[in-house]
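Visitor: I would like to see how this sequence folds:
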Amino acid sequence: MPKANSQNRCQQINAHGRQCRSLRGADHPSLCSYHAREESQKNNNPLALAVDLLGPIHDFRTGVSINHVLGKLLVLLATDRIPMRNAAVLAYVCQLLLQSLPHVKRERFLDEDTPEEKKALKQIRNAPSIATEATKLADRVFKMTLGALERTEGPALVKSNGAATT
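Guide: Residues are numbered from 1 along each chain as shown. You can find the predicted model right below:
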């Protein structure tokens, strides 16, 4: 097998200072397909992925909400925006959530609960979910970015329905 020309090789340098021996991929100008995929996964914003994955879901007490997350997970995996190992772990957690739904429903509708149990269940139901917190954080980051743009661009930037226009 002939040696690959150094111009046609992947430009990734490992921790030992050695260059990757694979040929450059057709989908990236300087990296092989493995390193290009690795780089694109590093560039994904975890908060943006969480918002894409969860969407409008704020709790996981119904099969429909969990099914929605699994569908979004499939899309993220198919578009190579999430590593397969992470997707497998998330799918397993969704499976556990689905298996626990009958128990959650039974606890929610039991009439024999003691007042302490009812109070504890009410606190759990009214607690903010991770998805709600992630959405709030994304909104704060967006507003801070918009504010910074307004300060740098001056009065030419006007807010209209939460979007910046010039």
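Visitor: element containing the closest residue in space to residue 90 that isn't next to it in sequence, please.
Guide: Leaving aside its chain neighbours, residue 90 sits nearest to residue 73 (5.6 Å; criterion: C-beta to C-beta, 6 or more residues apart in numbering). (Glycine included, C-beta is placed from N, CA and C.) Assessed by DSSP states H and E, residue 73 sits inside helix 63-78.
Visitor: isn't the residue nearest to residue 90 up against residue 91?
Guide: Yes: contact criterion C-beta atoms under 8 Å: residue 73 and residue 91 qualify, at 6.4 Å.
Visitor: who's more crowded, the two?
Guide: residue 73 (19 against 14; other C-beta atoms under 10 Å).
Visitor: ok, now which ones touch the residue nearest to residue 90?
Guide: When contacts are counted by C-beta atoms under 8 Å, 6 or more residues apart in numbering, residue 73 touches 53, 82, 87, 90, 91, 94.
Visitor: most neighbours out of those residues, which is it?
Guide: residue 53 (22 neighbours).
Visitor: tell me what the helix or strand hosting that one is packed against?
Guide: Following DSSP H and E, one finds residue 53 within helix 46-54. Using 3 or more C-beta pairs under 8 Å, 6 or more residues apart in numbering; DSSP states H and E, the elements in contact with helix 46-54 are helix 63-78, helix 130-153.
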